[in-house]
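K.L.:
the following block contains a protein sequence and its predicted model.
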Amino acid sequence: MTLQEYVRILRRRGWIIVLAMLLGAAAAFGISAFQEKLYSATVDVSTVPARADWGLNSTVKDLMRNFTQNLRTPEVAQRIIDRAQLDMNPYDLLANLQVQEDASSFTIKIRADNSDGEVAKLIALTAADEFVEERTAYYAQQDKRDRIEVKIRSRAIPYSQIQPKPEVNALAGGVLGLLFGLGLVLFLTWMEADLLRTPTAVERALSVPILGAIPAAETAKDARPVAAPSRVSAPKAA
């Protein structure tokens, strides 16, 4: 297809793309009004080896994956609930608790989500306290040279709203609408690919030049009225 044909398609069906974008953005923005507010709080736990040894550092990096898995067990979740005096079951807590390790900085990130920002902060800090105390008690029995120092980097953690975000949702809806509109326009163009609408399209399809074309028929509005023939009366006999 030539550039002129693309321009012609956009002129004819560009409104479909614009309409799809507007409808997608409006729908996503409207859905945001029905979403429940959700807040998130994240606490960083440092797990630094006692000495700068390559073998010990590698061991700590391998153990960090085990630490994150142990934190996401129903037993630990129940201890967090009891410690923070929360009114929920362990599985609901685990569904809103994320634990990730960052081996490059020897950090474990504990993130909690809740409809109340203060509760989200309380869950994250309580989970960190549970982990730090359990690891500290364990490594207190080990040789000092093989210990891992586990501590919370800062207890002054903020919480932020992660849901709903109308502006972000509207932008995402607009992008999806744009993709849908482009797909619809391409589909309609493909459906008309076999139709030869212009002399140029005919020449390209048949690979022969056009020598002539039948002019379009005149419409009733443009056609000139033809005067009816007048009747001539024969002379009467005297």
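P.N.:
Structure received.
K.L.:
isn't Pro164 right up against Ser32?
P.N.:
Yes: with contact defined as C-beta atoms under 8 Å, Pro164 counts as touching Ser32 (4.0 Å). Using the backbone N, CA and C atoms, a C-beta is placed for each residue, glycine as well.
K.L.:
enumerate the positions of stretch 164-182 that are buried.
P.N.:
Pro164, Asn169, Ala170, Gly173, Gly174, Leu176, Gly177, Leu178, Phe180, Gly181 (16 or more other C-beta atoms under 10 Å).
K.L.:
just those: which are in helices?
P.N.:
Using DSSP state H, the subset of the buried residues of stretch 164-182 located in helices is Asn169, Ala170, Gly173, Gly174, Leu176, Gly177, Leu178, Phe180, Gly181.
K.L.:
ok, the last one - contacts?
P.N.:
If I follow you right, that is Gly181. Ile16, Ile17, Val18, Leu19, Ala20, Met21 (C-beta atoms under 8 Å, 6 or more residues apart in numbering).
K.L.:
so how far is Lys144 from the third one?
P.N.:
It refers to Val18. 69 Å (C-beta to C-beta, to the nearest Å).
K.L.:
so those two - more neighbours on which side?
P.N.:
Between Val18 and Lys144, Val18 has the larger neighbour count (other C-beta atoms under 10 Å), namely 12 against 9.
K.L.:
can I see the domain layout of this protein?
P.N.:
Domain assignment for the chain by automatic domain parsing gives 3-34+166-191, 38-163.
K.L.:
and those as TSV, adding mean pLDDT?
P.N.:
As requested, these are exported to TSV (pLDDT from 0 to 100):
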stretch	mean pLDDT
domain 3-34+166-191	84
domain 38-163	88
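K.L.:
export these as TSV, with columns for distance to Pro209.
P.N.:
Shown next, in TSV, are the domains of the chain (distance: least, C-beta to C-beta, whole Å):
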stretch	distance to Pro209
domain 3-34+166-191	19
domain 38-163	64
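K.L.:
that older thread, show the buried residues in the contacts of Gly181.
P.N.:
Here, 16+ other C-beta under 10 Å leaves Ile17, Ala20, Met21 buried among the contacts of Gly181.
K.L.:
tell me which helix or strand the last one sits in.
P.N.:
This points to Met21. In this structure, Met21 sits in helix 3-32 according to DSSP states H and E.
K.L.:
packing partners for that helix?
P.N.:
helix 166-191 (3 or more C-beta pairs under 8 Å, 6 or more residues apart in numbering; DSSP states H and E).
K.L.:
now do the helix it packs on and helix 3-32, the angle between them.
P.N.:
140 degrees (axes from the mean of the first three to the mean of the last three C-alpha atoms, to 10 degrees).
K.L.:
Ala120 is in contact with Ala84, correct?
P.N.:
No: using C-beta under 8 Å, Ala84 makes no contact with Ala120, being 11.2 Å away.
K.L.:
more crowded one of those two?
P.N.:
Comparing Ala84 with Ala120 by other C-beta under 10 Å, the one with more neighbours is Ala120, at 25 against 17.
K.L.:
so how far is the strand or helix carrying the more buried one from its chain's centroid?
P.N.:
Per DSSP H and E: Ala120 is located in helix 117-139. In terms of C-alpha atoms, centre = their mean, to the nearest Å, the centre of helix 117-139 is found 32 Å from the chain centre.
K.L.:
what comes up buried for that helix?
P.N.:
117, 119-132, 134-135, 139.
K.L.:
now stretch 138-153
P.N.:
For stretch 138-153, a neighbour-count test (16+ other C-beta under 10 Å) marks Tyr139, Arg147, Ile148, Val150, Ile152 as buried.
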